[in-house]
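[1] this one's sequence-less:
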């Protein structure tokens, strides 16, 4: 079955530590995205990638970093510079940046204390 | 920048019809999408309107009026499993991230009661 996987489902970290969230897709999609969702809020775009070895900042990129070394993988690192990292993180993919349908992974709920 | 407005909560009775409205402000508008998200789950795509009018997919329909910068999602024959949050999202070119970025509204939490 094709889809997007994110791991782990729940993640706990101490303040000051960097943490990397995994995102893998086997849909053969070119474009991948990372969103952050806070309670009662919509999804806000952190980073996106249109193609391997290329990525662009979204609306709230500060304190985050990404890489896109493989088409299937788009990991997100939450650095200690992110002031309020506790949130629900969603990874998504689409056939291309011009596709109107995005497919989402199950999300990772990160708690930093 | 972009802005989207949708009601924060809606309650409806099982078997009834409910309409969730979305108004938006943006330039370079390409289309309006709707996504469903159950608590703790992943958003799933429901519909997309690029042109004015009504699109129907089973019990769900979506409407767009570009001149009014307005759209709605219509859910018919409501079922308990329809209890979820519904997000409208505009696809536009008016963003620093480039063309075709999706900007999401804050979501409408629909509660279906017996």
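    Perfect, I can see it now. Keep in mind it's a predicted model, so treat the numbers as computed, not measured.
[2] Output the contacting helices and strands for the lowest-mean-pLDDT helix or strand in chain B.
    Across the helices and strands of chain B, the lowest-confidence element by mean pLDDT, DSSP states H and E is strand B:101-104, at a mean of 86. Applying 3 or more CB pairs under 8 Å, 6 or more residues apart in numbering or on different chains; DSSP states H and E, one finds that strand B:101-104 contacts strand A:43-51, strand B:84-92. Glycine gets a C-beta too; all of them are placed from N, C-alpha and C.
[3] Need the winner for burial among those.
    strand B:84-92 (a mean of 24; mean count of other CB atoms under 10 Å in any protein chain shown).
[4] give me the low-pLDDT residue ranges for chain B?
    Scanning chain B for pLDDT under 70 picks out the ranges B:1, B:94-100.
[5] who touches the least confident helix or strand of chain B?
    A:42-45, A:48, A:58, A:102, B:2, B:4, B:26, B:33, B:35, B:87-93, B:95 (CB atoms under 8 Å, 6 or more residues apart in numbering or on different chains).
[6] chain center to stretch B:28-47: distance?
    7 Å (CA atoms, centre = their mean, to the nearest Å).
[7] Show me where chain B has its strands.
    Under the criterion DSSP state E, chain B carries strands at the ranges B:3-5, B:9-13, B:18-25, B:29-37, B:44-49, B:53-57, B:60-65, B:70-75, B:84-92, B:101-104, B:108-113.
[8] Tell me what the residue nearest to the spatial centre of chain A is bridged to.
    Nearest to the centroid of the C-alpha atoms of chain A, with distances taken as CA atoms, centre = their mean, sits residue A:34, at 3.0 Å. Residues in a beta bridge with residue A:34, per DSSP bridges, are residue A:47, residue A:91.
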